[in-house]
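A.B. asks: Structure, please.
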Amino acid sequence: MDERTVALLGKDKYESLKHKKVIVFGCGGVGGYVIEILVRSGIENITVVDFDTVSESNLNRQIIATTSNVGKIKVECIKERANQINPNCNLVARNEKLLPENVDKFNLEQYDFVVDCIDMVTSKLTLIKYCNKNSIRLVCSMGTGNRCSMPKFEICDIFETKNDGLSKVMRRLLKENGIKHQTVCYTNQDAKKQKVIGSIAYFPAMCGVTIGAYVINKLLEETN
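C.D. replies: Residues are numbered from 1 along each chain as shown. Below you'll find the predicted structure:
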């Protein structure tokens, strides 16, 4: 599966990339596409953390969501998909919820990159606080709901974000906790104001692809 990627990157860079270790928290609308990019780019050491199961409401946007997967554990579905793409991929599926009392049990120091694609604000804050305290490289996804225009995502510091509800909440929480920097993937495109959060296939997908590309490029920089 690596012929075209090696042709682009060269054998040495590809081999270096292949042995990097990445952990992704959340494998839904955004996280599923991050994992897809990592697997197809050749990374063979990936840990995925999620506590949810596939539901019918996921069918419109999540890469692991099919009618045959409804009711199944998400991390098991993403593991099966990864192994179908690359049988050499060592994807560790952890069906559990990130909490303040268990964050240290994930041994995040062993990873070259940590990716946050969690929906819950409390869990996002837990992960950011831990990574910030321990100087662990982390990128976080911000809001993707209630938008359907042409997606325009960017990677920046959270304190440079604007016009995004989740980013606003997280900025306040980080200030309260004395955290001055955090890399995020976000869009400043207008979101519809409505009680029920709506979604469409391509918006979270583009966020996930952007994060995946960012992680890959940062890891490749280390091979120069």
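
A.B. asks: now residue 111: how far from residue 149?
C.D. replies: From residue 111 across to residue 149, the span is 34 Å (CB to CB, to the nearest Å). Glycine gets a C-beta too; all of them are placed from N, C-alpha and C.

A.B. asks: Tell me which of those two has more neighbours.
C.D. replies: More crowded of residue 111 and residue 149, by other CB atoms under 10 Å: residue 111, with 21 against 11.

A.B. asks: Mind pulling up the pLDDT for that one?
C.D. replies: Listed pLDDT for residue 111 reads 99.

A.B. asks: just residue 224 next, same as before
C.D. replies: Each residue has a pLDDT score; the one for residue 224 is 63.

A.B. asks: can you check residue 196 too?
C.D. replies: You'll see residue 196 listed with a pLDDT of 89.

A.B. asks: Can you tell me, leaving aside adjacent residues, what's nearest to residue 163?
C.D. replies: residue 188 (4.2 Å; CB to CB, 6 or more residues apart in numbering).

A.B. asks: Might one say that the one you found is in contact with residue 160?
C.D. replies: No: applying CB atoms under 8 Å, one finds residue 188 not in contact with residue 160, separated by 9.8 Å.

A.B. asks: Residue ranges in this structure under the pLDDT threshold?
C.D. replies: 224 (pLDDT under 70).

A.B. asks: May I ask you to name the longest helix in it?
C.D. replies: Counting residues, the longest helix in the chain under DSSP state H turns out to be helix 202-221.

A.B. asks: how far is that one from where the chain is centred?
C.D. replies: On the basis of CA atoms, centre = their mean, to the nearest Å, helix 202-221 sits 8 Å off its chain's mean C-alpha point.

A.B. asks: Tell me the spacing between the residue nearest to residue 163 and residue 129.
C.D. replies: To residue 129, residue 188 is 25 Å away according to CB to CB.

A.B. asks: ok, which stretches of the chain are strands?
C.D. replies: Counting by DSSP state E, the chain has strands at residues 21-25, 45-49, 90-94, 113-116, 138-141, 154-157, 183-186.

A.B. asks: Okay, angle between the second one and strand 21-25 too, please.
C.D. replies: Right, the one you point to is strand 45-49. In terms of direction (axes from the mean of the first three to the mean of the last three CA atoms, to 10 degrees), strand 45-49 departs from strand 21-25 by 10 degrees.

A.B. asks: about what we covered before: tell me which of the strands of the chain is the most buried.
C.D. replies: strand 113-116 (a mean of 25; mean count of other CB atoms under 10 Å).
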